[in-house]
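S.K.: all I have is the shape, not the residue letters:
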């Protein structure tokens, strides 16, 4: 830890369907409105992953309404990437994309190598176990970086939109 708490964080992964929405929802749940939090993917041809929804729901984090978005869409919608204090890349492809943006903007980029649970496990329980492992890796990294969770005051934290 020891680093200043950022006022805005962008989590990114390959498709914004599994790891980055989990990180966005967990950050909102644990730290409330202490930081503006969004997530994006390098591509966005997938919908939110049902297993990601299920394992986050176990912790009271609602992902079902998450709208998948790419870096390009964020810019088209007016989200200024240069406005984020910190970009956390959860996959090698998203790290490359985030570092590409540092050529144009001053962005602090961190790489958290988080397991990609998609395609792992033969049974439903084995798949859920892989997704829980990815979720728990995110939680561990998040708490190492940002400190212990805060109690959200308004009860709305944890929803991803």
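M.R.: Noted; the coordinates are in hand. Here the structure is a predicted model, which means the values were calculated and not measured. Numbering: from 1, shown residues only.
S.K.: quick one: list the elements packing against the lengthiest helix in the chain.
M.R.: Scanning the chain for the helix with the most residues, using DSSP state H, yields helix 124-146. Secondary-structure packing of helix 124-146 (3 or more C-beta pairs under 8 Å, 6 or more residues apart in numbering; DSSP states H and E): helix 19-31, helix 50-57. Bear in mind the C-beta positions are built from the backbone N, C-alpha and C, glycine included.
S.K.: dihedrals phi and psi, residue 9?
M.R.: Main-chain dihedrals, residue 9, degrees, to the nearest 10: phi -130, psi 130.
S.K.: since we're on it, how many residues are nearby?
M.R.: Residues near residue 9, counting by other C-beta atoms under 10 Å, number 26.
S.K.: extract the residue ranges of the protein that are flagged as low pLDDT.
M.R.: Counting by pLDDT under 70, the chain contains low-confidence ranges at 1-2, 78, 80, 151-161.
S.K.: and stretch 31-43, how far out from the chain middle?
M.R.: Computed by C-alpha atoms, centre = their mean, to the nearest Å, the separation of stretch 31-43 from the middle of its chain amounts to 6 Å.
S.K.: pull out the buried positions in it.
M.R.: Using 16 or more other C-beta atoms under 10 Å as the test for burial, stretch 31-43 gives 31-32, 34-35, 37-43.
S.K.: any chance you could list what contacts it?
M.R.: Stretch 31-43 is contacted from outside by 5-17, 20-21, 23-24, 27-28, 68-71, 73-74, 79, 84-85, 91, 93-94, 97, 146, 149-150, 152-154, 157, 160, using C-beta atoms under 8 Å, 6 or more residues apart in numbering.
S.K.: tell me the buried residues within the residues you listed.
M.R.: Buried among the contacts of stretch 31-43 (16+ other C-beta under 10 Å): 6, 9-17, 20-21, 23-24, 27-28, 68-71, 74, 84-85, 91, 93-94, 97, 146, 149, 152, 157, 160.
S.K.: in strands only, show me these.
M.R.: Residues of those located in strands (DSSP state E): 9-13.
S.K.: out of the residues you listed, flag the one nearest to residue 138.
M.R.: Nearest to residue 138, judged by C-beta to C-beta, of those is residue 11 at 8.6 Å.
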